[in-house]
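Trainee: Structure, please.
(2 chains)
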There are 2 protein chains.
Amino acid sequence: MDMERYRVPPQQRAHLDDWNPRDKAGLSKEEGSARLEHLLNDLADLQERLYAEGQQALLIVLQARDAGGKDGTVKKVIGAFNPSGVHIANFKVPTSEEQAHDFLWRVHARVPPLGMIGVFNRSHYEDVLVPRAQGRLDAAATARRLEHIRAFEALLTDARVRVVKFYLHISPEEQRERLQARLDDPTKYWKFNPADLKAREAWEDYTQAYQDVLATSTPEAPWYVIPADHKWFRNLLIAEVLRQTLRNMNPQYPPPTFDPATVQIP
Amino acid sequence: MDMERYRVPPQQRAHLDDWNPRDKAGLSKEEGSARLEHLLNDLADLQERLYAEGQQALLIVLQARDAGGKDGTVKKVIGAFNPSGVHIANFKVPTSEEQAHDFLWRVHARVPPLGMIGVFNRSHYEDVLVPRAQGRLDAAATARRLEHIRAFEALLTDARVRVVKFYLHISPEEQRERLQARLDDPTKYWKFNPADLKAREAWEDYTQAYQDVLATSTPEAPWYVIPADHKWFRNLLIAEVLRQTLRNMNPQYPPPTFDPATVQIP
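Mentor: Here you go, the predicted model:
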């Protein structure tokens, strides 16, 4: 699969209309599911090497509109990793302690240590997206925050934390169906928050805000726009990108710190 | 399966010899594996309810000798849960900051919040087991630490954190095979530490120390001795106990905080 089509080129403003939320790269669901099983096995193997090596980390940023599939991605794709090697950070409304610090403070504290894979389910990008879409952050302030984010991600890159960022791209029609499904099933009420409908009404404002944010795509910390109306395709594409990313990191089992030939087990 | 056979009765000293590390409750590996698949699905369902409810937490303590199967248990059994709902804490040699506090300080900080499942891969029990087996903690000091642990776990119980503790019980012969396998495979060297052989030489001292520790089994925070020479049986029995524990906790999807009939999606 040509993953580059979904990668946001650095140094230019992206247009979300350039990607079709219903895209499935010509694959059938059956083909995709078979391929995913294979990919998830590879991911588990690469993660064990990363953990054993202990010299690099991977930070996965997940952003999406409500019902865009962040939780499903964690369950299905991240669920393939050994849980001992994964840290998940769910960023919610900041606590009063968090609000008393700069916007990267709570995020920095949750960066995965070497050997680990970290997942940010929502992230520091919310601190641009939400105020920007709500008109509380002007263009100059937005640019300044994005500059802080670029500098922060460059720091991580220098510290051998690879950053890869996914925007899960759903259509307004698909979001409606998923929200309605939460209203129709009592086991899903807990996922529904009537306040989220405000963001839906401001769909175009959020589109503009996402386009601002996608400008932080760099060769070292790229953004991918993941067509997400088809859950199976979303999982497949994210797994493909993660496998490629981990292969490029090329983690190796470390050499022994002892001479295996001379060890006697008593 | 009769899980009570593996539960350490409260208020009495356990003898590890009462359990056979090679026990498989008369099951074949095929029977066990088929049953495990079913159990893991039930666990995932119960966890989603626990997470949605957000009113209770579960803390799973894993203790074992080297190569006893803690990491394998996390991978195979805990791996069935949605990673968003699980916190894994791997307790290693304490840092200098941790050493400057009481032995429960770092542990307390890692207790799962309501709605979550926490796993302690090694735990506060190490602070009794190791010094006790090495003769650095006398009977009175041991009893005092265990009393602190009982009080701490009672605090958690009152705060709606259910505690369940597993000792993975392997035989010295099985440990030898697993350690040797790590010496024979370059992709496993990283799991081997020659210093661990000291604990193997002190096998009986550790047995005594474990028996001291198992005296903290209470109805609210029970210890289970899990025969662990057969990995599949270890996974099966732990999954059975976890399912029973979660069923007893009886988590429920919460009622809606809004009237689903009146919500209109714009």
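Trainee: so for stretch A:193-204, what's the average pLDDT?
Mentor: On average, the pLDDT along stretch A:193-204 is 94.
Trainee: mind listing what's buried in that stretch?
Mentor: Neighbour-count burial for stretch A:193-204, counted by 16 or more other Cβ atoms under 10 Å in any protein chain shown, picks out A:194, A:197, A:199, A:200. To be clear about C-beta, it is placed using only N, CA and C from the backbone, and glycine gets the same treatment.
Trainee: again, but for stretch A:88-97
Mentor: Going by neighbour count (16+ other Cβ under 10 Å), the buried part of stretch A:88-97 is A:88, A:89, A:91.
Trainee: end-to-end on that stretch?
Mentor: Terminal residues of stretch A:88-97 are spaced 20 Å apart (Cα to Cα, to the nearest Å).
Trainee: Other residues contacting that stretch?
Mentor: Stretch A:88-97 has contacts (Cβ atoms under 8 Å, 6 or more residues apart in numbering or on different chains) with A:74, A:78, A:106-107, A:110, A:118-123, A:126, B:83-84.
Trainee: Of the buried residues of stretch A:193-204, just say which sits nearest to chain B.
Mentor: residue A:194 (5.0 Å; Cβ to the nearest Cβ).
Trainee: Give me the local confidence score for residue A:13.
Mentor: So residue A:13 comes in at 82 (pLDDT).
Trainee: one step back: narrow the contacts of stretch A:88-97 to those in strands?
Mentor: A:118, A:119, A:120, A:121 (DSSP state E).
Trainee: any idea how far the second one is from chain B?
Mentor: Per Cβ to the nearest Cβ, to the nearest Å, residue A:119 is found 8 Å from chain B.
Trainee: per-residue confidence for that residue?
Mentor: pLDDT, read off for residue A:119, is 98.
Trainee: is it true that it touches residue A:79?
Mentor: No - Residue A:119 is beyond contact range of residue A:79, at 10.8 Å (criterion: Cβ atoms under 8 Å).
Trainee: More neighbours: these two, which one.
Mentor: Using other Cβ atoms under 10 Å in any protein chain shown, the more surrounded residue of residue A:119 and residue A:79 is residue A:119, with 25 against 18.
Trainee: what are the bridge partners for that one, then?
Mentor: With DSSP bridges as the criterion, residue A:119 is bridged to residue A:60, residue A:88.
Trainee: circling back: any chance of a PyMOL selection covering the buried ones in the ones in strands among the contacts of stretch A:88-97?
Mentor: For the buried members of the ones in strands among the contacts of stretch A:88-97, the matching PyMOL selection, counting by 16+ other Cβ under 10 Å, is:
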select buried, chain A and resi 118+119+120+121
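Trainee: before we move on, the earlier item: identify the contacts common to residue A:119 and residue A:79.
Mentor: Here residue A:119 and residue A:79 share the contacting residues residue B:83, scored by Cβ under 8 Å, 6+ apart.
Trainee: list the buried ones in the helix or strand that contains residue A:183?
Mentor: Assessed by DSSP states H and E, residue A:183 sits inside helix A:172-184. Neighbour-count burial for helix A:172-184 flags A:174, A:175, A:178, A:179, A:182, A:183 (criterion: 16+ other Cβ under 10 Å).
Trainee: Quick one: mean pLDDT over that helix.
Mentor: Rounded mean pLDDT across helix A:172-184 is 96.
Trainee: do stretch A:44-54 as well
Mentor: Rounded mean pLDDT across stretch A:44-54 is 97.
Trainee: Next: stretch A:81-101.
Mentor: 95.
Trainee: repeat for stretch A:1-8
Mentor: Here the average pLDDT along stretch A:1-8 is 93.
Trainee: what comes into contact with it?
Mentor: Contacts of stretch A:1-8 (Cβ under 8 Å, 6+ apart): A:14, A:19, A:25, A:214, A:217, A:222-227, A:236-237, A:240-241, A:244.
Trainee: Quick check: residue A:41 vs residue A:237, distance?
Mentor: 17 Å (Cβ to Cβ, to the nearest Å).
Trainee: With neighbour numbers in mind, choose between those two.
Mentor: The neighbour comparison of residue A:41 against residue A:237 (other Cβ under 10 Å) goes to residue A:237, with 28 against 11.
Trainee: who in chain A is up against chain B?
Mentor: For chain A, the residues in contact with chain B (Cβ under 8 Å from any Cβ of the partner chain) are A:52, A:71, A:74-75, A:78-79, A:81-84, A:86, A:88, A:90, A:119, A:121, A:176, A:179-180, A:183-184, A:186-187, A:189-192, A:194, A:197, A:200-201, A:253-256, A:258, A:260, A:263, A:265-266.
Trainee: Out of those residues, which sit inside helices?
Mentor: With DSSP state H as the criterion, helices contain A:52, A:71, A:74, A:75, A:176, A:179, A:180, A:183, A:184, A:197, A:200, A:201 from among these.
Trainee: For burial, what's the neighbour tally of the residue nearest to the last one when sequence neighbours are not counted?
Mentor: It stands for residue A:201. Nearest residue to residue A:201 in three dimensions, chain neighbours excluded: residue B:266, at 5.2 Å (Cβ to Cβ, 6 or more residues apart in numbering or on different chains). A count of nearby residues for residue B:266, using other Cβ under 10 Å, gives 10.
Trainee: Which parts of the stretch 151-266 of chain A are strands?
Mentor: A:161-169, A:223-227 (DSSP state E, counting those that start in this stretch).
Trainee: Same list (the ones in helices among the residues of chain A next to chain B) but as TSV, adding distance to residue B:248.
Mentor: Listed next are these as TSV, based on distance: Cβ to Cβ, whole Å:
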residue	distance to residue B:248
A:52	38
A:71	27
A:74	27
A:75	25
A:176	40
A:179	34
A:180	35
A:183	31
A:184	31
A:197	38
A:200	40
A:201	44
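Trainee: Determine which two of the residues you listed are furthest apart.
Mentor: Farthest-apart pair in those is A:52 and A:201; separation 48.9 Å (Cβ to Cβ).
Trainee: so the residue nearest to residue A:201 makes contact with residue A:196?
Mentor: No - Residue B:266 is beyond contact range of residue A:196, at 11.1 Å (criterion: Cβ under 8 Å).
Trainee: Can you tell me which of the buried residues of stretch A:193-204 is nearest residue B:66?
Mentor: Distances from residue B:66 to those, taken by Cβ to Cβ, are shortest for residue A:199, at 51.0 Å.
Trainee: Residue B:115 versus that closest one, what's the distance?
Mentor: In this structure, residue A:199 and residue B:115 are 24 Å apart, going by Cβ to Cβ.
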